[in-house]
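1. Just need the structure, nothing else, for what follows:
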Amino acid sequence: MLLLLGGAWLPLRAADLPDLFAERVRSCVTVEFLVENELDRQPVTVLGVCADANGTIILPASAIGARVSVRQLKDFKVYRPNSATAYHAEYLGQDVLTGWHFVRAEEKLRAELVPLTAWVRAGTPEPRLADEVWGIGLRGKDEDFHPYFLMSRVGLIQAMPQLTAIAASELGGPGLPVFNRDGALVGLTLNSFGQNFLMFSHRERGVPVVLVDVEESSVFLLASEVLPYLGRIPQNVLGRPLPWLGAFGLEPVAPEVARFLKLDNQSALVVSEVLEGSPAEKAGLKGRDIIVALDGKPLPRLKPDPVVATYVEREVGRHRPGDELPLTVLRDNQRLELKVTLGDEPKIIREAERKYFERLGFTVREFLYGDGMARRVKLAEQAGVIVDFVKSNSPAAMGGLEFDDWIREIDGKEVKTYAEAVAALAAIESDQDRPEFVLLTSRGSETAVRRVKLK
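-> This next block holds a predicted model:
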């Protein structure tokens, strides 16, 4: 999109930007869906971008909460900018590496969308400090998702661990593309990091607050961190398989310790805990081991230091269960080479079975591996169910039951499985003459008996 005059390339004229904007808006969409919970259906609206000619749409990782089950997601619809027409769509799942959610629009919309790759220009340099870039915002449903133009300059580029740019001001809606002055794709907008402010009043001194703009963002991933992953469409809605290492609480090595270990030009991570039955445990990894290399490559020097843990998580996410992942660790000043065969991660919270008991006023879900990890309960002792929701002013709420309580006994009988707990609670709910029931629960380090009155 440059003008060739007298053998020299001249910069794009500002007058050309409206035409570029009108073309590139066709890659942007708004996706609307419902999250069904115990009491109602909550509408959610997020922005997305078309990834291919099959109508595949990418949504940001934050579009759907980690606790939301696939069974709760209903009625996906896609809207083009400047249109009130809704097109049906299908949820495809979440990718473990990028965190993106994938949606596929119905066939009759696909010809109207332009894939993100249409704006890739061979030889386009990555943005540099102070380069001018622009993006797209979309108004709300009441304004037919009217598109608008945003422009800024690159203020910072940093590996987090993905190469990420932060512009001087808001640049586009989260999840929408970013372009240079020539209209070439240079990135994809992330959710805003938020900004710190001090809020003053006549009565109080300054109070620190964090403001996050949910409609616009100044942060974007560079195109080199986006384009290689557009085809990572999940095999199923659960995103399985999920590679699993099982090293928990990776913390960066303190600078003085790094100097003592002669780790001058690289990062290192201390393993806080190795999870029971995990691939890491089977490979011989131990708590307080220091990871210095992954797959034969030293851990890169990244800032801030906690970003290195994210780097390791992403490297694990590039693999599949059954892959061998070599680790180099320091233990008692000795360098050890370990070979971890990655496993398939145990069931996570969005996959858990759940059951709501309307008369009782609460939902239970199955006890997961992660629940045992959080409560430091050995595998052999894991049983019962977890409270996933408590309705206000219900019998359960009046009895003192709270979200995330661990139910271990019902009416004095130990419940070992989710099925046992559901059967016992269903019998209680169906008994209209029953005046009350009793639960033995754990909350943190406390165990208590909760008496729930039904009459």
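
2. care to break this protein down by domain?
-> Domain assignment of the chain by automatic domain parsing yields the ranges 1-238, 243-344, 352-453.

3. count of neighbours near residue 140?
-> 11 (other Cβ atoms under 10 Å). C-betas here are computed from N, CA, C, even on glycine.

4. So for it, what's the nearest residue that isn't a sequence neighbour?
-> Nearest non-adjacent residue to residue 140, counting by Cβ to Cβ, 6 or more residues apart in numbering: residue 45, 7.6 Å away.

5. The one you found: what secondary structure?
-> strand (DSSP: H, G, I helix; E, B strand; the rest coil).

6. what does residue 266 give?
-> coil.

7. Please give me every residue in contact with it.
-> For residue 266, the contacting residues are 292, 298, 299, 300, 301, by Cβ atoms under 8 Å, 6 or more residues apart in numbering.

8. closest to residue 387 among the residues you listed?
-> residue 299 (39.6 Å; Cβ to Cβ).

9. List phi and psi for the closest residue to that closest one other than its chain neighbours.
-> Leaving aside its sequence neighbours, residue 299 sits nearest to residue 267 (Cβ to Cβ, 6+ apart; 4.3 Å). Reported as degrees, to the nearest 10, the phi and psi values for residue 267 are phi -100, psi 170.

10. Same check on residue 384?
-> The phi/psi pair for residue 384 (degrees, to the nearest 10) is phi 80, psi -160.

11. returning to that earlier point: ranking the domains of the chain by mean pLDDT, which is last?
-> Across the domains of the chain, domain 1-238 has the smallest mean pLDDT, namely a mean of 88.

12. who wins for most neighbours among the contacts of residue 266?
-> Busiest of the contacts of residue 266 [other Cβ under 10 Å] is residue 299, holding 22 neighbours.

13. ok, back up a step: and the gap between the residue nearest to residue 140 and residue 33?
-> When distance is defined by Cβ to Cβ, to the nearest Å, residue 45 is 8 Å away from residue 33.

14. So what's the gap between stretch 24-43 and the chain middle?
-> 16 Å (Cα atoms, centre = their mean, to the nearest Å).

15. hmm, I was thinking of stretch 94-114
-> For stretch 94-114, the distance to the chain centre is 17 Å (Cα atoms, centre = their mean).

16. got it, and stretch 433-452?
-> 34 Å.

17. just stretch 268-279 next, same as before
-> For stretch 268-279, the distance to the chain centre is 22 Å (Cα atoms, centre = their mean).

18. and the end-to-end length of it?
-> 20 Å (Cα to Cα, to the nearest Å).

19. now stretch 333-351
-> Stretch 333-351: ends 41 Å apart by Cα to Cα.

20. Tell me which residues are up against it.
-> 66-70, 238, 240-246, 278-280, 282-285, 289, 292, 316, 319-330, 365-366, 368-370.

21. Regarding the chain, what is its longest strand?
-> Taking DSSP state E as the criterion, the chain has its longest strand at strand 147-159.

22. and the next helix or strand after that one, what other elements does it pack with?
-> Using DSSP states H and E, the helix or strand that follows strand 147-159 in sequence is strand 163-167. Here strand 163-167 touches strand 147-159, strand 219-222, going by 3 or more Cβ pairs under 8 Å, 6 or more residues apart in numbering; DSSP states H and E.
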